[in-house]
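Enquirer: Let's see this in three dimensions:
(chains A, B, C and D)
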There are 2 protein chains.
Amino acid sequence: MAEFSQDFFKNAVTVDNVIFGFDESDLKVLLIKRGTEPYTGLWALPGDFIYADENIENAASRILYELTGLDNVYLEQVRTFGAVGRHPLGRVLTVAYFSLVKINHYDVHPSSFAQTAQWVKLAELRNSPLAFDHNAILDACFNALKQRVRVRPIGFELLPPKFTLTELQHLYEAILEADLDKRNFRKKILSMDFIVDLNESQEGVAHRPARLYEFDKLKYEKFVSEGFNFEL
Amino acid sequence: MAEFSQDFFKNAVTVDNVIFGFDESDLKVLLIKRGTEPYTGLWALPGDFIYADENIENAASRILYELTGLDNVYLEQVRTFGAVGRHPLGRVLTVAYFSLVKINHYDVHPSSFAQTAQWVKLAELRNSPLAFDHNAILDACFNALKQRVRVRPIGFELLPPKFTLTELQHLYEAILEADLDKRNFRKKILSMDFIVDLNESQEGVAHRPARLYEFDKLKYEKFVSEGFNFEL
DNA sequence: CTGACTTTGTGCATTTTTAACACCAAGTTG
DNA sequence: CAACTTGGTGTTAAAAATGCACAAAGTCAG
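Expert: Numbering: from 1, shown residues only, chains lettered A, B, ... in the order given. Got it, this is the predicted structure:
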């Protein structure tokens, strides 16, 4: 093994954040158009260098906050990418995070890194190349989300405070990439006993309005921290 | 966001490797007694700096190889720890891996980093402090293993080529920290159809000898790559 | 104001999976 | 050969998952 030496203190570390949102039955990701070299003009995941006095998770929420103004957001580390040639300007490792936001609440603040930011449907990204190894990072994060959602009820982070069961079902269908049976889905969700019927209805829809629900915050947080089986 | 700058290229990155083995119904971890500052004399996870021209996973297998002489070992990245103060000599982030080895096959090669290496029972580590934040890393890796084992049949990496069903059960009990029903366990394992009855028996035991089994390598690898539900 | 349209909301029967449980068999030892 | 230790086996009851079809609530257009 190598001796401890100053020679090792030559790496840059960034955080890249896959910010998921859900809108009209589609999962979307917030991307930026790069405004600096390298890969200028290409779509990329929002990210930044980690500052010398900054914890990793902190960097991740800072990126999110600077871009969207959102705070207190669900955030999870996925893994670190560090292939030797992945950044043309030196050895740059990146720690990948994903976050889940309510898509209506964002408000994009462009910066030196980001000329433009835009929500892009996940489905549309399958075959379009992103900057760096961001396609691989996106894949890893989407898979992590898919796994997570089976065991923690975090999907809810993507929905507005009041939602219909059909919206919830569409969300799960988008994440799991599978069709779910309406009756079985409702039975299961309601039996889990952390969503509350508000006795309100949708308005302004051209059909029978659906009932609105919200989460029981306490029970929800218990399940988030303890975990439970959420197979659908 | 910050401008790109050479100031960011000042981090060291290490890999720490939680090497799991299984022996006599106990899960064990291969630890080293540190031979250099900081934390000289304390037990620690084997780890090293990542070289400038080296991929992360490569560093992880190099560490394993240098310590044990083992090659081609199951290795999985867990996550990266980088709290600002975690290393007294500067900003050092560490990427945590775990690996699964057959405990008989190792042969420890001490080095400048490791005066001594030793297999320690996981149970004994609950309350003994390791160097750096290695207790937290160990916890994260053990949890990752616990999760993984429910969805991939990787537990087998820890067993010798020929094994009894009781050994296999004890292994799963150690990883899941739960007691399993003997009959249900056997039914389930055998129905999965990737272990083969060798029609041989244990020898030299002072009781009814157990049958020996091995893996069907092809089916096993299919399940490792595709994943499947391995709930026990 | 009524008929057509769209989406909501609900129950039951069947199959599958899981969980609980106890005793005889095989070999070793003194 | 009796005592000891661990190995090996099947059934049943309960719970969970699956599959499936139709009436109800509201909007809209003529």
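Enquirer: Note down every partner strand of the strand ranked longest in chain A and its orientation.
Expert: Scanning chain A for the strand with the most residues, using DSSP state E, yields strand A:12-23. As defined by DSSP bridges, the strand partners of strand A:12-23 come to strand A:26-34 (antiparallel), strand A:47-49 (antiparallel), strand A:92-100 (parallel).
Enquirer: how about JSON lines for these, with distance to DNA strand C, mean pLDDT and mean neighbour count added?
Expert: The way it works is simple: take the backbone N, C-alpha and C, and place the C-beta from them, glycine included. Converted to JSON lines, these look like this (distance: least, C-beta to the nearest atom of the strand, whole Å; pLDDT from 0 to 100; neighbours: other C-beta atoms under 10 Å in any protein chain shown):
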{"stretch": "strand A:26-34", "distance to DNA strand C": "16", "mean pLDDT": "94", "mean neighbour count": "22"}
{"stretch": "strand A:47-49", "distance to DNA strand C": "37", "mean pLDDT": "96", "mean neighbour count": "23"}
{"stretch": "strand A:92-100", "distance to DNA strand C": "23", "mean pLDDT": "98", "mean neighbour count": "24"}
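Enquirer: circling back: export the longest strand of chain A as CSV, just CAs?
Expert: Taking Å, rounded to 0.1, in the frame of the first residue of the first chain, the C-alpha atoms of strand A:12-23 are listed here in CSV:
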residue,chain,number,x,y,z
ALA,A,12,-11.7,17.1,-7.4
VAL,A,13,-15.0,15.8,-6.1
THR,A,14,-18.4,17.0,-7.4
VAL,A,15,-22.0,16.1,-6.5
ASP,A,16,-24.5,15.4,-9.3
ASN,A,17,-28.1,15.5,-8.4
VAL,A,18,-30.8,13.7,-10.2
ILE,A,19,-33.9,15.8,-9.4
PHE,A,20,-37.1,13.9,-10.0
GLY,A,21,-40.5,15.4,-10.4
PHE,A,22,-43.8,14.0,-11.4
ASP,A,23,-46.2,15.8,-13.8
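Enquirer: got the contact list for the lowest-mean-pLDDT helix or strand in chain A?
Expert: The weakest-scoring helix or strand in chain A, judged by mean pLDDT, DSSP states H and E, is helix A:217-226 (a mean of 77). Contact with helix A:217-226 is made by A:Arg152, A:Pro153, A:Ile154, A:Phe156, A:Met192, A:Asp193, A:Phe194, as judged by C-beta atoms under 8 Å, 6 or more residues apart in numbering or on different chains.
Enquirer: mind checking how far the longest strand of chain A is from the chain centre?
Expert: Here strand A:12-23 is found 7 Å from its chain centre; the criterion is C-alpha atoms, centre = their mean, to the nearest Å.
Enquirer: How many neighbouring residues does A:Val205 have?
Expert: 10 (other C-beta atoms under 10 Å in any protein chain shown).
Enquirer: Check A:Ala210 too.
Expert: A:Ala210: 15 neighbours (other C-beta under 10 Å).
Enquirer: And it, how close does it get to A:Leu198?
Expert: Per C-beta to C-beta, to the nearest Å, A:Ala210 is found 11 Å from A:Leu198.
Enquirer: isn't A:Glu214 right next to A:Asn199, touching?
Expert: No. The pair A:Glu214 and A:Asn199 fails to qualify as a contact (C-beta atoms under 8 Å) at a distance of 11.1 Å.
Enquirer: Could you check which of those two has the larger neighbour count?
Expert: A:Glu214 (17 against 8).
Enquirer: If that one is in a bridge, with which residues?
Expert: Applying DSSP bridges, one finds that A:Glu214 bridges with A:Val196.
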